[in-house]
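Student: dropping the sequence and predicted coords here.
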Amino acid sequence: MQTDIEISQSAELKPISLIAKSLNTKAQHIDAEDLIPYGHHIAKLSPACIQKLQPLPDGQLILVTAISPTPAGEGKTTTTVGLADALNQVLKDSGKKAMLCIREPSLGPVFGKKGGATGGGFAQVLPMEDINLHFTGDFHAISSANNLLAALIDNHIYQGNALDIDPKTITWRRCMDINDRALRHITLNANAADAINVTERETAFDIVVASEVMAIFCLATSLEDLKMRLGNIQVAFTATQQPVLASDLQAEGAMTALLKNAFQPNLVQTIEHTAAIVHGGPFANIAHGCNSLIATKTALKLADYVVTEAGFGADLGAEKFIDIKCRKTGLQPAAVVLVATLRSLKYHGGVELKALTLENVTALKIGIANLQRHVHNLKENFGLQVVVAVNYFATDTVAEIELLQAEAKKLGVKAILCKHWAQGGEGAKDLAVEVLRLVESASGDTVKFLYADDITLLKKIETIAQKIYGASAVQLSSMAKASLETLEKNYSHYPVCIAKTPYSFSSDPNLRGAPSGHVLEVRALRLSRGAEFIVVTCGDILTMPGLPKHPASEHISVDHAGNITGLS
């Protein structure tokens with residue numbers, strides 16, 4: 001059996017200019033001058049291109065999310081790619097087009113535990129090595145902008161501290177795009193040569209996908225909006241407890257200059273030559289989990305149907321997609337695809353990893369509770385139309401498939417078996433047909449938000465905990481209580497971005513299935529003033545992951561011909 005990278009490297013790619021021309025279905029042409037090439041198969045869409053697309057009508061937006069993830073893997077990105085390819089097969093003679101819009105991979109998981117994020121099998125975006133590694137340098141630009149601000153803060157203090165910044169209140173951290181637990185706690189200015197103008201202080205690094213710069217990058221509507229939001233970042237307080245912003249340090253102009261080219265969306269293709277925009281990439285467990293807004297809005301101008309995804313399970317990525325991204329931008333998903341696998345549902349039913357390939361209808365029925373909770377949340381809490389995509393594995397049995405489909409029917413949704421990993425778009429055509437049916441039968445009702453803007457931050461946290469996670473209560477640490485009291489005064493109108501384990505509805509990753517009555521433990525609250533939301537850190541969630549005992553990097557190399565091997 002070929003590996004993902006072997007399948008990718010054996011695929012025949014089209015010049016990216018031909019992929020762009022394939023999108024000319026809305027009386028507007030994508031010409032050569034609209035593209036900024038990064039080689040033969042990757043290009044950025046120019047600002048002039050994005051501007052000329054603005055008068056065009058929007059296509060329909062289809063959101064792909066998943067059940068609570070497990071070590072067995074669910075294949076959400078693979079399903080996103082397979083669905084887009086399948087839609088183009090179904091739409092072949094209609095004159096309509098579909099494309100996909102997903103996040104850029106982070107080097108942290110690429111070299112860590114999860115691997116890359118370009119799909120798998122015959123449902124991949126290409127060239128997968130470039131996309132999974134440096135790509136067009138967007139993440140490097142984001143980390144550079146982040147770290148420039150950090151350097152400017154410390155330099156300002158060193159140069160006399162005209163703003164009277166209290167070093168103990170500095171909240172801005174440096175970041176990098178590698179998992180490195182050694183950087184979770186660091187000391188700055190230890191044994192500094194000039195002890196007059198510097199103060200030793202404790203801080204930490206975040207992974208770049210957790211940086212507020214990444215969140216701002218993915219929510220900004222234009223370069224002007226990006227610059228304004230960067231200037232609004234709060235980095236510290238003065239000795240008299242006045243907030244210090246990035247604009248006080250005159251940092252936003254230079255930060256925007258670093259991000260100018262990165263802000264242009266990246267155009268690539270799937271194995272089946274479906275156009276794909278891959279841009280931005282906040283994690284959904286520690287950030288808001290969606291690709292850039294400018295990418296999504298551009299895709300909606302280019303295609304009749306746009307398939308996008310939200311990170312991790314629907315309790316995290318989909319909730320943030322709706323309560324943060326849709327709330328702030330007016331986006332409206334016409335349908336939602338909820339990805340599940342039989343083996344992951346059996347894991348939620350109590351089966352351990354090594355036994356997931358064995359038929360176990362009893363455990364499956366127990367584990368389906370996780371699927372039921374997600375379907376309920378999407379349909380009842382958000383008012384969305386849902387179809388379940390069952391990502392097929394060779395060990396799935398007829399009895400298990402029939403049970404899952406019967407249980408889904410009780411919930412008023414279809415569970416459709418999908419074989420896109422092995423068959424590409426052909427293996428997801430049934431899913432595509434159902435998605436089109438849902439889109440065409442949509443009532444036109446606007447998506448429902450989980451909470452109103454004008455309730456308190458605590459009530460917003462409690463609403464998510466109780467309505468989405470099934471929690472009985474929220475418990476705040478003393479540090480979280482102190483932060484909440486301050487934030488409620490000026491930022492109670494902001495949405496909240498819950499940072500918690502993706503592996504459970506609770507803040508305990510070991511609670512599988514659909515636990516109820518648990519207490520959501522809130523450890524800290526952090527203001528993202530430029531992104532305009534409050535990050536709520538729960539349980540043991542960390543903004544700088546670590547590497548596993550045997551990281552994926554151990555298997556990655558380059559052969560004598562210069563081909564990358566072992567990337568997954």
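Tutor: That came through fine.

Student: for this structure, which spans come out with low pLDDT?
Tutor: By pLDDT under 70, the low-scoring segments of the chain are 25-28, 192-196.

Student: got the domain ranges for it?
Tutor: Structural domains assigned to the chain are 4-137+262-440, 139-254, 457-538, following automatic domain parsing.

Student: doesn't G470 make contact with R373?
Tutor: Yes - here R373 reaches G470: they are 6.7 Å apart, a contact under CB atoms under 8 Å. For every residue, glycine as well, the C-beta is placed using N, CA and C.

Student: does V522 touch M479 like I think?
Tutor: No - contact between V522 and M479 fails when scored by CB under 8 Å: they sit 9.5 Å apart.

Student: now do L56 against A141, distance only.
Tutor: To A141, L56 is 28 Å away according to CB to CB, to the nearest Å.

Student: who has more neighbours, the two?
Tutor: A141 (21 against 13; other CB atoms under 10 Å).

Student: tell me the secondary structure at the more buried one.
Tutor: helix (DSSP: H, G, I helix; E, B strand; the rest coil).

Student: which ones are touching it?
Tutor: L258, L259, N261, A262 (CB atoms under 8 Å, 6 or more residues apart in numbering).

Student: cool, and K227?
Tutor: E252, G253, M255, T256.

Student: got the contact list for the helix or strand L300 falls within?
Tutor: Using DSSP states H and E, the element containing L300 is helix 293-302. Here helix 293-302 makes contact (CB under 8 Å, 6+ apart) with 23, 26, 28, 30, 45, 50, 53-54, 56-59, 61, 97, 99-101, 218-222, 263, 265, 275, 277-280, 290, 306, 308, 325, 329, 331.

Student: can I get that helix in PDB? Just the C-alpha atoms.
Tutor: What follows is helix 293-302, C-alpha atoms only, in PDB (Å, rounded to 0.1, in the frame of the first residue of the first chain):
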ATOM      1  CA  LEU A 293     -11.600  35.100   6.600                       C
ATOM      2  CA  ILE A 294     -10.100  36.700   3.400                       C
ATOM      3  CA  ALA A 295      -9.500  33.200   2.000                       C
ATOM      4  CA  THR A 296     -13.100  32.100   2.800                       C
ATOM      5  CA  LYS A 297     -14.600  35.200   1.300                       C
ATOM      6  CA  THR A 298     -12.400  35.000  -1.800                       C
ATOM      7  CA  ALA A 299     -13.300  31.400  -2.300                       C
ATOM      8  CA  LEU A 300     -17.100  32.200  -2.100                       C
ATOM      9  CA  LYS A 301     -16.600  34.700  -5.000                       C
ATOM     10  CA  LEU A 302     -14.700  32.100  -7.100                       C
END
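
Student: ChimeraX command to pick out the buried ones of the contacts of A141?
Tutor: Here is the ChimeraX command that picks out the buried ones among these, judged by 16 or more other CB atoms under 10 Å:
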select :258,259,262
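
Student: pull the most distant pair out of the contacts of A141.
Tutor: Between any two of these, the greatest separation by CB to CB is 8.8 Å, found for L258 and N261.

Student: my guess is I324 meets C497, correct?
Tutor: Yes - under the criterion of CB under 8 Å, I324 makes contact with C497 at 6.3 Å.

Student: name the residues contacting each of the two.
Tutor: H288, F533.

Student: picking up where we left off before, redo the contacts of A141 as a markdown table? Include distance to A66.
Tutor: Shown next, in a markdown table, are these (distance: CB to CB, whole Å):
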| residue | distance to A66 |
| --- | --- |
| L258 | 34 |
| L259 | 30 |
| N261 | 32 |
| A262 | 28 |
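
Student: next, format the contacts of A141 as a markdown table and append distance to L511 and secondary structure.
Tutor: Shown next, in a markdown table, are the contacts of A141 (distance: CB to CB, whole Å; DSSP: H, G, I helix; E, B strand; the rest coil):
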| residue | distance to L511 | secondary structure |
| --- | --- | --- |
| L258 | 42 | helix |
| L259 | 39 | helix |
| N261 | 44 | coil |
| A262 | 39 | coil |
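
Student: out of the contacts of A141, which is nearest to H40?
Tutor: Lowest distance from H40 to these (CB to CB) belongs to N261, with 19.0 Å.

Student: contacting residues for that closest one?
Tutor: N261 sits in contact with K44, T136, G137, A141, where contact means CB under 8 Å, 6+ apart.

Student: mind putting those in a markdown table, distance to T79 and secondary structure included?
Tutor: A markdown table is the format used below for the contacts of N261 (distance: CB to CB, whole Å; three-state DSSP):
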| residue | distance to T79 | secondary structure |
| --- | --- | --- |
| K44 | 26 | strand |
| T136 | 25 | coil |
| G137 | 28 | coil |
| A141 | 30 | helix |
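
Student: now those in TSV, with distance to A239?
Tutor: Formatted as TSV, these follow (distance: CB to CB, whole Å):
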residue	distance to A239
K44	44
T136	43
G137	39
A141	34
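
Student: are any of the residues you listed buried, and which?
Tutor: K44, T136, A141.

Student: wait, the second one touches A262, no?
Tutor: Yes - counting by CB under 8 Å, a contact exists between T136 and A262, whose distance comes to 7.4 Å.

Student: sec struct for L338, please.
Tutor: Following three-state DSSP, the label given to L338 is strand.

Student: if it is in a bridge, with which residues?
Tutor: For L338, the beta-bridge partners under DSSP bridges are T65, V388.

Student: the longest strand in this structure is where?
Tutor: Across the chain, the longest stretch assigned as strand under DSSP state E is strand 519-528.

Student: residues making contact with the helix or strand following it?
Tutor: Next along the chain after strand 519-528, taking DSSP H and E as the criterion, comes strand 533-538. Strand 533-538 is contacted by residues 215, 286-288, 324, 457, 461, 487, 491, 494-501, 507, 520-528, 543 when judged by CB under 8 Å, 6+ apart.

Student: dump the residue contacts of the closest residue to L567 other than its chain neighbours.
Tutor: Distances taken as CB to CB, 6 or more residues apart in numbering put I5 closest to L567, at 4.9 Å, once the chain neighbours are dropped. Counting by CB under 8 Å, 6+ apart, I5 touches M128, E129, I564, T565, G566, L567, S568.

Student: mind running it again at 10 Å?
Tutor: I5 makes contact with 116, 118, 124, 128-129, 132, 556, 563-568 under the criterion CB atoms under 10 Å, 6 or more residues apart in numbering.

Student: ok, now V375?
Tutor: 67, 314, 336, 338, 340, 368, 384, 386-388, 407-408, 411-413, 415.

Student: could you look up the SS state of it?
Tutor: Once three-state DSSP is applied, V375 turns out helix.

Student: please name the nearest non-neighbouring residue to it.
Tutor: L411 (5.0 Å).

Student: cool, L300 as well?
Tutor: Nearest to L300 is D58, by CB to CB, 6+ apart, at 4.2 Å.

Student: just give me the neighbour total for that neighbour.
Tutor: 16.

Student: report the secondary structure element holding it.
Tutor: Applying DSSP H and E, one finds D58 in no helix or strand.

Student: thought it was touching V306?
Tutor: Yes - with contact defined as CB atoms under 10 Å, D58 counts as touching V306 (8.7 Å).

Student: mind listing the strands for the stretch 51-200 of the chain?
Tutor: 60-66, 98-102, 119-120, 123-126, 174-176, 186-188 (DSSP state E, counting those that start in this stretch).

Student: the helices in the stretch 1-150 of the chain, which residues?
Tutor: Using DSSP state H, counting those that start in this stretch, the helices of the stretch 1-150 of the chain run over 4-10, 16-21, 47-53, 76-90, 107-111, 128-132, 138-158.

Student: contacting residues around the second one?
Tutor: Contacts made with helix 16-21 from outside it, assessed by CB under 10 Å, 6+ apart, are listed as 13-15, 29-32, 34-35, 37-45, 49, 99, 266-270, 273-276, 302.

Student: picking up where we left off before, between the strands of the stretch 51-200 of the chain, which one is nearest to A150?
Tutor: Ranking those by their distance to A150 (criterion: CB to CB) puts strand 174-176 first, at 4.7 Å.

Student: and that closest one, how far from the chain's centre?
Tutor: 18 Å (CA atoms, centre = their mean, to the nearest Å).

Student: fine by me, we can end here.
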